[in-house]
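Asker: Kindly return the folded structure for what I paste below:
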Amino acid sequence: MEILRESPWYNQMIQEGLQQGLQQGLQEGLQQGLQQGRLAAIKKSIVRLLDLNPQSLPEQLDNLSIEQLEELQDQIFDFTSVTDLENWLQQQAREKS
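Answerer: Residues are numbered from 1 along each chain as shown. Take a look at the predicted model:
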């Protein structure tokens with residue numbers, strides 16, 4: 001095992017593995033940051049459009065995927081009440097299961 005650790009090939013493989021892991025971690029962190037930013041913007045829009053208290057927003061919003069958030073972003077301007085939002089969220093839950 002000691003000889004293997006001193007091998008340039010082994011060291012290169014370790015470096016490549018570490019670099020790949022770092023890149024994957026950065027990508028996942030970026031994706032999560034984008035999702036959280038989009039969710040915050042959508043929540044703010046919903047609160048203003050429907051004249052809601054931010055604490056009254058449905059908790060299901062926090063569990064939406066990026067794709068669902070993009071769709072919601074397009075749909076919220078058609079909502080006239082919280083009921084419209086709740087119906088949309090129920091539809092998403094049905095489609096997901």
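
Asker: ok, longest helix in this structure?
Answerer: helix 8-50 (DSSP state H).

Asker: Could I get the average pLDDT for that one?
Answerer: Across helix 8-50, pLDDT averages out at 87.

Asker: How about stretch 90-97?
Answerer: For stretch 90-97, the per-residue pLDDT averages 86.

Asker: Quick check: buried residues in that stretch?
Answerer: Gln92 (16 or more other CB atoms under 10 Å). Quick note: C-beta positions are derived from backbone N, CA and C, even for glycine.

Asker: can you check stretch 74-89 too?
Answerer: Buried, per 16+ other CB under 10 Å, within stretch 74-89: 76, 79, 85, 88-89.

Asker: most centrally placed residue in this protein?
Answerer: Nearest to the mean C-alpha position of the chain, by CA atoms, centre = their mean, lies Gln35 at 3.4 Å.

Asker: wait, what's in contact with that one?
Answerer: 65-66, 69 (CB atoms under 8 Å, 6 or more residues apart in numbering).

Asker: For Gln12, see how far away it is.
Answerer: With distances taken as CB to CB, to the nearest Å, Gln35 is found 35 Å from Gln12.

Asker: same deal with Phe77?
Answerer: 53 Å.

Asker: ok, now Asn63?
Answerer: 42 Å.

Asker: Pick out whichever of the two has more residues nearby.
Answerer: More crowded of Asn63 and Gln12, by other CB atoms under 10 Å: Asn63, with 13 against 10.

Asker: Thanks a lot, catch you later.
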